[in-house]
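In: this is the structure alone, sequence omitted:
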């Protein structure tokens with residue numbers, strides 16, 4: 001993607017332009033000189049509602065790659081009206097009147113994929129930039145890596161097309177040979193964006209592992225936050241039991257209780273359906289928590305008995 005060997009420059013920056021303001025691009029001056037324009041296409045309207053726009057060129061290879069069960073998908077205009085022809089293998093052809101109806105037959109990933117690969121083809125043909133936020137949305141990992149590899153392949157990408165994307169798939173980091181094309185967004189006392197080459201200097205660690213393990217810091221939830229979330233959810237789904245019976249645990253066979261082992265009790269609990277479970281609990285803990293037969297109790301996130309509140 002960054003190999004420009006054998007390519008001739010379109011224009012060379014004039015030294016008088018070295019002090020252009022930071023928000024002024026050299027390409028603007030170039031476009032004025034050659035009477036060209038920068039075309040910007042927004043796909044937000046299609047992304048938010050995931051509707052396939054009218055097109056006369058849906059490549060069957062793209063459709064087969066995304067969904068091999070589709071045999072035919074094409075648009076037709078007759079007297080100002082649009083018809084969509086859709087056929088699955090071994091099924092009768094379906095004719096739809098609006099693109100919205102495609103959502104009933106095609107997955108969100110298939111619709112997004114047809115739109116995305118059409119744009120990818122244009123960018124690879126003419127050059128330019130394709131910006132995608134959360135590139136993995138609606139796609140499995142293999143589809144995403146295929147898309148990325150098209151831009152990395154110099155046989156496909158002869159005009160310097162550039163893919164800029166954000167992702168939550170750390171495995172995609174391993175697709176790159178270099179770190180300086182990757183930027184890590186972290187939340188450490190505020191949102192920061194930093195080039196990976198500055199924060200990961202070791203070459204013996206997989207980038208995906210460094211990201212997922214917390215080695216980079218600020219890329220994954222902390223253990224403390226995880227435990228707080230777990231406790232919060234547990235409080236919302238807590239099961240209440242009634243203490244039916246408390247008995248001393250005498251399961252030592254012919255031997256005495258090992259020295260230092262706390263006195264244990266067998267606690268029989270019943271739930272609202274009358275089902276019984278038996279658990280072991282330290283006798284001292286039961287006394288400390290004032291848990292007696294007939295009390296309402298529950299099991300905390302550490303699977304320990306405590307009185308129900």
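Out: Perfect, I can see it now. Please read all numbers here as calculations on a predicted model, not as lab measurements.
In: can I see the domain layout of the protein?
Out: 1-129+139-159, 237-250+260-307 (automatic domain parsing).
In: can I get the ones you listed in CSV with mean pLDDT, distance to residue 197 and mean neighbour count?
Out: Using the backbone N, CA and C atoms, a C-beta is placed for each residue, glycine as well. Supplementary listing: these in CSV, determined by pLDDT from 0 to 100; distance: least, CB to CB, whole Å; neighbours: other CB atoms under 10 Å:
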stretch, mean pLDDT, distance to residue 197, mean neighbour count
domain 1-129+139-159, 79, 13, 13
domain 237-250+260-307, 86, 41, 13
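In: direction included, what does the helix or strand where residue 75 lies pair against?
Out: When elements are assigned from DSSP states H and E, residue 75 belongs to strand 70-78. Strand 70-78 sits in its sheet next to strand 81-88 (antiparallel), going by DSSP bridges.
In: what comes into contact with the strand it pairs with?
Out: Outside strand 81-88, the residues that touch it by CB atoms under 8 Å, 6 or more residues apart in numbering are 54, 69-77, 93-99, 101-102, 105-106.
In: and for the closest residue to residue 207 other than its chain neighbours, the neighbour number?
Out: Closest residue to residue 207 apart from its sequence neighbours, by CB to CB, 6 or more residues apart in numbering: residue 173 at 3.6 Å. Counted by other CB atoms under 10 Å, the residues lying close to residue 173 total 20.
In: in the stretch 151-300 of the chain, which spans are helices?
Out: All helices of the stretch 151-300 of the chain, identified by DSSP state H, counting those that start in this stretch, fall at 196-199, 207-212, 223-236, 283-288.
In: for these, which one sits closest to residue 114?
Out: Evaluated over these, closeness to residue 114 peaks at helix 207-212, with 28.8 Å, by CB to CB.
In: quick one: contacts for the closest residue to residue 241 other than its chain neighbours?
Out: Excluding the flanking residues, the one nearest residue 241 by CB to CB, 6+ apart is residue 269, at 3.8 Å. By CB under 8 Å, 6+ apart, the residues touching residue 269 are 241, 242, 243, 244, 276, 277, 278, 279, 297.
In: repeat the analysis, applying 7 Å as the threshold.
Out: Contacts for residue 269 (CB atoms under 7 Å, 6 or more residues apart in numbering) come out as 241, 242, 243, 244, 276, 277, 279, 297.
In: assumed residue 39 was part of a helix.
Out: No - membership of residue 39 in a helix is not supported by DSSP: H, G, I helix; E, B strand; the rest coil, which gives coil.
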